[in-house]
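Asks: Kindly generate the corresponding structure for this input.
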Amino acid sequence: TGAGTITLSATGGNLVVNDAVTSVTGKITLTSTDAAVSFSANGDVTASTGAEIEVNASTTVTMVDGTVINSGTGIIDVNAGGNVVLGELTNTNASTTAGVEAVNINSGGAVSEVTSATAVITTGAAGRTVITAVTGIGSGDAIETSTGSVILTNSTSGNINVDEVTGGGALDIILATNVT
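Replies: The predicted model follows:
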């Protein structure tokens, strides 16, 4: 826990987050340059007053049911060379600007979710979520969102399956591309 920037990096192995990582105002970066980043149910990551949270793995990013990444008013970036398994990603960010959307997920494999929460991805009412995958987005179980708009790209195989759960809210699909 701190007020400044927090950077946790693993080289030559996995980065395992088993306890809370919290910053009041500083960017949080979690990186495994040679392997995976994984989170336990107690491995929540929080920027309490709002800052970017970035997760980078050369292989996979795996959250479990109960893991929450909350960037407050900041943005969330998740980047993996392989699959991304989501717990909860939440913020109040309303950005739709290319490159700094409220939530941006890039996967060299599939993007799936394991949470029992109502919404896997929550942003500000106008916030944009961008998900790019190679082998499916929510193929086995829909990615539940509460977000203003989405851009979804799946390039090789698998389905795109996203469900907007905001009561009475409409999901603005800016682009959905499934090249299979």
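
Asks: Next up, the contacts around Thr115.
Replies: Applying C-beta atoms under 8 Å, 6 or more residues apart in numbering, one finds that Thr115 lies in contact with Met63, Asp65, Gly66, Thr67, Leu86, Gly87, Glu88. No exception for glycine: its C-beta is placed from N, CA and C like everyone else's.

Asks: Give me the subset of these that lies in strands.
Replies: Leu86, Glu88 (DSSP state E).

Asks: Who does Val17 form a beta bridge with?
Replies: Beta-bridge partners of Val17, counted by DSSP bridges, are Phe39.

Asks: Out of the contacts of Thr115, which two sit at the greatest distance?
Replies: Gly66 and Leu86 (12.0 Å; C-beta to C-beta).

Asks: The two: which is more packed in?
Replies: Leu86 (26 against 17; other C-beta atoms under 10 Å).

Asks: residues near the nearest residue to that one once chain neighbours are set aside, how many?
Replies: Nearest residue to Leu86, sequence neighbours excluded (C-beta to C-beta, 6 or more residues apart in numbering): Glu113, at 4.4 Å. Neighbour count for Glu113, taken as other C-beta under 10 Å: 24.

Asks: Which pLDDT value goes with Glu113?
Replies: Model confidence at Glu113, given as pLDDT, is 95.

Asks: residues contacting it?
Replies: Residues in contact with Glu113 (C-beta under 8 Å, 6+ apart) are Val85, Leu86, Gly87, Val120, Gly138, Asp141, Ile143, Glu144.

Asks: Likewise for Leu30?
Replies: By C-beta under 8 Å, 6+ apart, the contact list for Leu30 reads Leu8, Ser9, Leu15, Val17, Val21, Val37, Val45, Ile53, Glu54, Val55, Asn56.

Asks: that older thread, scan the contacts of Glu113 and report the most crowded one.
Replies: Neighbour count (other C-beta under 10 Å) singles out Val120 as the most crowded of the contacts of Glu113, with 28 neighbours.

Asks: Just give the closest residue to that one, not the sequence neighbours.
Replies: Counting by C-beta to C-beta, 6+ apart, the residue nearest Val120 is Glu113, at 4.5 Å.

Asks: Over to that neighbour: give its phi and psi.
Replies: Dihedral pair for Glu113: phi -140, psi 150, per degrees, to the nearest 10.
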